[in-house]
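K.L.:
take this sequence and fold it.
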Amino acid sequence: MTEEDPEVFAVLCSGHRDVLPLPQPTGRSASTVAGELMRNPGDPRTASEWAESLYTSSTSLRRAFRAETGLAFSEWRTRLRLNHSLQLLAAGHMVSTVAARVGFVSTNGYILAFRRYFGETPGAYVKRSATRTAA
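P.N.:
Now for the predicted structure:
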């Protein structure tokens, strides 16, 4: 799987037991941003930077994400990054590598977010997944 292939990513995540729900936006601006982030979850641009590149306001972009997905932009992006990280962890990448590739500023921030959403650390998740696969 490559970061540039969002359709493969979506198919893999749709069958993944632990994947976080990630509603897709439908409007032009929000869906453009979502598509780009699906291709590159590690893209560091803020909602304001995305809005500027799309010639809209950050308020409009944020409102579009909320209205179309039910999630704030930051929440949507965090879920995307965590979902993408599941595939990288399953592929055997180190936690620090996964954190950097999906766009977390620090490994600790990634671990904290992972624990908040999945109830365990990425390391514990990998061990549990390996045990489940072996069984």
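K.L.:
quick check: the gap between the nearest residue to Arg77 once chain neighbours are set aside and Thr133.
P.N.:
Closest residue to Arg77 apart from its sequence neighbours, by Cβ to Cβ, 6 or more residues apart in numbering: Leu37 at 6.1 Å. Bear in mind the C-beta positions are built from the backbone N, C-alpha and C, glycine included. Per Cβ to Cβ, to the nearest Å, Leu37 is found 29 Å from Thr133.
K.L.:
neighbour-wise, which of these two wins?
P.N.:
Leu37 (21 against 8; other Cβ atoms under 10 Å).
K.L.:
what helices or strands is the strand or helix carrying that one leaning on?
P.N.:
Applying DSSP states H and E as the criterion places Leu37 in helix 28-39. Applying 3 or more Cβ pairs under 8 Å, 6 or more residues apart in numbering; DSSP states H and E, one finds that helix 28-39 makes contact with helix 6-14, helix 58-69, helix 73-90.
K.L.:
centre of the chain to whichever helix or strand comes after that helix, how far?
P.N.:
Next along the chain after helix 28-39, taking DSSP H and E as the criterion, comes helix 47-53. Relative to its chain's centre, helix 47-53 lies at 18 Å (Cα atoms, centre = their mean, to the nearest Å).
K.L.:
on the pLDDT front, check Phe8 for me.
P.N.:
Not Phe; residue 8 is Val. Note for Val8: predicted pLDDT of 39.
K.L.:
try the one 5 residues further on
P.N.:
According to the model's per-residue confidence, Cys13 sits at a pLDDT of 44.
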